[in-house]
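Asker: coords below, sequence missing:
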């Protein structure tokens, strides 16, 4: 008989055989099966977790490399939030503006700031929704203490764009918990959640549609360089305005009698009001204008806007400024509106901003006067319209003061100055105090100047035209261009 | 709730965990749980359509018992007929009322008469075509004494509303599915793994193949008058694969999900583009629908008209396919499509090869022989041409497309909106899919054995590649543009 194969020792020291092992396994088959089964499930679960982990790791890798990031030059939300986080390190913003692209193309923060002597930031996001506005408001209030919140009413009744909301979400630099809350609020469609977190998931289609973008991203580590030291969130649509043909063929496309404000939007409106009320910040609701032909039954829409605000904002201090009605057809000409029929041109933006500035002054809003702060002057002195909005002084390059606070030809002149941008031309700027009893200032005024040319001096009455789109609070601005070789003084 | 949506991923994870950890201990608790979540799944789309499903289920449950208890054949037939009429009437009301109203209106207006009738605002309950057929097969089979009605209303209701299959099938028969609901099941490792694999493959087909083909197909159909013949031919081919990848992808997901819950659901596709004639195609495409129509429409008609010989069979098959076309939707294009398919059976019936199983003969290289390849290609061309009619919004549009496709005229200012990379990618995917299907047709068992025997790390690497393909190459978003095609039916 063949000796049995020895494979180990029994507990009593004698050798175990394969027969012993078989006998032992035969006595507890279910226990061993269960253990084998548990190990199998455990292995499977671990492999499954590892598989999903590998997928997630790959996505995180491509996210970290930013290979699938979109064109940042078109990422308005990204640029403005990047700027906001940078500027709030040593700025406090006195006026913050929310809405969609009509707000970012409707209010000029540089002009509003210099006209009132404040800091303004415009958060209006192209395609922005009410939920996006609310989330942006709460994030803004975390970092700055404004004196006024301005909310345009357009998002009340217009849908938003998912891509813009995602850009706005991506741009927020806050805690993970806060970002999760923002995600829940901004994206009721849960299929968007993964896209909101991962540019790879959002833009993986670049592999087909825009592989040049992927290549560019791979070659440029910095996707979004800082373009402007004082990016305040505006986005001008430029100057391609409505043509005569556009005006002749213009058909209304918004019927105020059929517009509704969804319950979800009303909820976010209420939340915005509550957030402002909590910090005792007043809200100003604005209806920035569309070209007057865009609407039919605007009165119905206006009534709806007011009733929405009354119903949902009773806990806050609020006000309402409507630039659509009454409609100023003298200033809101076709040149004030972009060819796309939704936005204003820069000219329109300037007019809206001055109207807003005047409204705020008339309504008696209390803002700090930063015009004497060195930081504020350094920020704004080289911005558009600064010299029109603020007194000219020696800190402004190229400007010469000719006279201040005088009466000439029965005109109360607040300031007369010259601006020389080059040797060929100089601009004469005259600020005339506005008569509150008769705010309709003349289109042209005449002031006498002493002009010296080639050693000869002449007294010349110069007719200066009003800059219609520029009307800071309390005065109107007139200007004309003179030859650069002339020496000009007030007579 | 789409299978390829975030909501469904959360839903399914919760269902799977709760099902196996809490509710699978007893048959009754498991079925109640399945029923509740199936109704929740169905109501998620629109809760207003849930009552119809509930009432239909209760009516047919009672009918099944009443038919079985009926004292004589006359009463049995009467009750069965009642059930069929009720089911078909409900289906026709929801799906075809506006179709008939519009058709009558167009007919009268074409004769110069003005008719003042308006369509109704009827919501078509999603999945009605599928669950109605399930209910009808139940009462008909009971009438045929194929099986006895179930006394377990929970099991019956779950069979009707089983959430992986309610929206787009497969149309399981009661005798294959209800017994599974009435037997205890435990979490089977190999079934679970198989199910997950099938789900993964289904996602790949839907999101990587079907949806990319859809981008091209939709763009071309929107501008078909500005496209060259070559583009239109390519689009017709891609649409056929879009349909297949979309529907079979959905089916794979449905079958895979059922497997993860321990249930086996009937197979619905068997490499249809390897068919060598139209009959062979229909034995491979939407198998559950074809077999349902064969058992409950074609066979009874064929028997009733058997005295007419082959002419009777031809008539039966044409009627069968007209119903098939109509089942797909309320449009004359579907009727025409179905009729054409029925007519395509005529040469097969006359030559006696309709029911003959086609062998996939290969040459020494393992590829199909020239004859077989020719037959496959011809069958594919016929199917793809038929799908043009299926895709079109109207017969007029279908005729336009077909004539533009065959004109080979030079197009000025041809449509150039197609993404070339996507076109090339779709073509490569289609070729890859066909090669895979051929390999599976010919060497299914050996391939599966081989795949099961390779080291686990390589298997899981394949899964990783599939998942990464879905993430990086798939079309997703869950919006209407990514809805499964067969949800419309």
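Answerer: Perfect, I can see it now. Since this is a predicted model, take the numbers as computed values, not measurements.

Asker: residue contacts, the residue nearest to the spatial centre of chain A?
Answerer: The residue lying closest to the centre of chain A (C-alpha atoms, centre = their mean) is residue A:123, at 2.7 Å. Residue A:123 makes contact with A:80, A:84, A:96-99, A:103-104, A:133, A:136-137, A:140, A:233, according to C-beta atoms under 8 Å, 6 or more residues apart in numbering or on different chains. From N, CA and C alone the C-beta is placed, and that goes for glycine too.

Asker: for residue A:329, same thing?
Answerer: Neighbours of residue A:329 in contact, by C-beta under 8 Å, 6+ apart: residue A:292.

Asker: the one 5 residues further on too?
Answerer: Residue A:334 makes contact with A:241, A:242, A:243, A:244, A:246, A:247, A:291, according to C-beta under 8 Å, 6+ apart.

Asker: quickly note the distance from it to residue B:253.
Answerer: Using C-beta to C-beta, to the nearest Å, residue A:334 is found at 55 Å from residue B:253.

Asker: around the closest residue to chain B within chain A, how many other residues sit close by?
Answerer: Proximity of chain A to chain B (C-beta to the nearest C-beta) peaks at residue A:191, 3.5 Å away. Residue A:191 has 20 neighbouring residues, counting by other C-beta atoms under 10 Å in any protein chain shown.

Asker: how close does it get to residue A:428?
Answerer: 61 Å.

Asker: ok, now residue B:324?
Answerer: Residue B:324 is 85 Å from residue A:428, by C-beta to C-beta.

Asker: looking at the two, which is more packed in?
Answerer: Between residue B:324 and residue A:428, residue B:324 has the larger neighbour count (other C-beta under 10 Å), namely 24 against 19.

Asker: hang on, isn't the more buried one packed against residue B:285?
Answerer: No: look at residue B:324 against residue B:285 with C-beta atoms under 8 Å: they stay out of range, at 10.7 Å.

Asker: enumerate the residues of the stretch 51-200 of chain B near chain A.
Answerer: Residues of the stretch 51-200 of chain B lying near chain A by C-beta under 8 Å from any C-beta of the partner chain: B:189, B:193.

Asker: give me the residues contacting the strand or helix carrying residue A:141.
Answerer: Secondary-structure assignment from DSSP states H and E places residue A:141 in helix A:130-143. Applying C-beta under 8 Å, 6+ apart, the external contacts of helix A:130-143 come out as A:84-85, A:88, A:93, A:96, A:98-99, A:121, A:123, A:125, A:128, A:146, A:149, A:151, A:155-156, A:160, A:164-165, A:168-169, A:172, A:174, A:178, A:182, A:185-186, A:188, A:264-265, A:268-269, A:271-272, A:275-276, A:279, A:281.

Asker: just the buried subset of those residues, please.
Answerer: When these are checked for burial by 16 or more other C-beta atoms under 10 Å in any protein chain shown, the buried set is A:84, A:93, A:96, A:98-99, A:121, A:123, A:125, A:128, A:146, A:149, A:151, A:155-156, A:160, A:164-165, A:168-169, A:172, A:182, A:185-186, A:265, A:268-269, A:271-272, A:275-276, A:281.

Asker: just for the chain, where's the confidence low?
Answerer: If you meant another chain, say so; for now it's chain A. A:1-29, A:238, A:439 (pLDDT under 70).

Asker: wrong chain, I was asking about chain B
Answerer: Looking along chain B with the criterion set at pLDDT under 70, you get B:117-120, B:410-411, B:413, B:477-489.

Asker: which other helices and strands contact the helix or strand hosting residue B:428?
Answerer: Here residue B:428, judged by DSSP H and E, is contained in helix B:420-453. Helix B:420-453 is packed against helix A:206-209, helix B:211-222, helix B:229-260, with contacts defined by 3 or more C-beta pairs under 8 Å, 6 or more residues apart in numbering or on different chains; DSSP states H and E.

Asker: the residue nearest the centre of chain B and residue B:341: what is the separation?
Answerer: The structure's chain B has its C-alpha centroid closest to residue B:286; by C-alpha atoms, centre = their mean the separation is 4.9 Å. Per C-beta to C-beta, residue B:286 is found 12 Å from residue B:341.

Asker: do residue B:87 as well
Answerer: Residue B:87 is 24 Å from residue B:341, by C-beta to C-beta.

Asker: likewise for residue A:389?
Answerer: Plainly put, residue A:389 is 77 Å away from residue B:341 if you go by C-beta to C-beta.

Asker: and these two? which has more neighbours close in?
Answerer: Between residue A:389 and residue B:341, counted using other C-beta under 10 Å, residue A:389 has the larger neighbour count: 26 against 23.

Asker: and the more buried one, what does it touch?
Answerer: A:111, A:114, A:115, A:472.

Asker: pick the one among those residues closest to residue B:1.
Answerer: Proximity of those to residue B:1 (C-beta to C-beta) peaks at residue A:111, which lies at 50.4 Å.

Asker: my guess is the closest one contacts residue A:387. True?
Answerer: No: judged on C-beta under 8 Å, residue A:111 makes no contact with residue A:387 at a distance of 11.8 Å.

Asker: need the longest helix for the chain.
Answerer: Reading this off chain A. The longest helix of chain A (DSSP state H) is helix A:29-64.

Asker: switch to chain B, please.
Answerer: helix B:73-110.

Asker: which parts of it are buried?
Answerer: B:76, B:79-80, B:83-84, B:86-87, B:90-91, B:94-96, B:98-99, B:105.

Asker: tell me what it is packed against?
Answerer: helix B:50-69, helix B:128-143.

Asker: what about the residue of the stretch 251-400 of chain B found nearest chain A, distance to residue B:160?
Answerer: As assessed by C-beta to the nearest C-beta, chain A sits closest to residue B:260 within the stretch 251-400 of chain B, at 12.2 Å. Between residue B:260 and residue B:160 the computed distance is 21 Å (C-beta to C-beta).

Asker: distance from stretch B:175-182 to the middle of the chain?
Answerer: Mean-position distance between stretch B:175-182 and its chain equals 21 Å (C-alpha atoms, centre = their mean, to the nearest Å).

Asker: ok, and for it, which residues are buried?
Answerer: B:177, B:178, B:180, B:181.

Asker: distance check, the nearest residue to the residue nearest to the centre of chain B once chain neighbours are set aside against residue B:255.
Answerer: If the residues on either side of it in the chain are set aside, residue B:286 comes closest to residue B:268, at 6.1 Å by C-beta to C-beta, 6 or more residues apart in numbering or on different chains. Counting by C-beta to C-beta, the gap between residue B:268 and residue B:255 amounts to 8 Å.

Asker: and for the two, which residues touch both?
Answerer: Shared contacts of residue B:268 and residue B:255, defined by C-beta under 8 Å, 6+ apart, comprise residue B:170.

Asker: wait, is residue A:432 part of a strand?
Answerer: Yes: counting by DSSP: H, G, I helix; E, B strand; the rest coil, residue A:432 falls inside a strand.

Asker: tell me who's in contact with it.
Answerer: Contact analysis of residue A:432 by C-beta under 8 Å, 6+ apart lists A:411, A:412, A:413, A:414, A:441, A:445, A:475, A:476, A:477, A:478.

Asker: what's the closest of those residues to residue A:217?
Answerer: Out of those, the member with the shortest distance to residue A:217 (by C-beta to C-beta) is residue A:477, at 45.9 Å.

Asker: which residues touch that closest one?
Answerer: A:388, A:429, A:430, A:431, A:432, A:466, A:467, A:470, A:471.

Asker: before we move on, what about residue B:50?
Answerer: Residue B:50 is in contact with B:39, B:42, B:43, counting by C-beta under 8 Å, 6+ apart.

Asker: quick one: it from chain A, how far?
Answerer: 22 Å (C-beta to the nearest C-beta, to the nearest Å).

Asker: can you check residue B:194 too?
Answerer: Distance, residue B:194 to chain A, by C-beta to the nearest C-beta: 12 Å.

Asker: list, one by one, the residues from the stretch 151-300 of chain A near chain B.
Answerer: Contacts of the stretch 151-300 of chain A with chain B, taken as C-beta under 8 Å from any C-beta, map to A:189-191, A:193-195, A:200-201, A:204-205, A:207-209, A:211.
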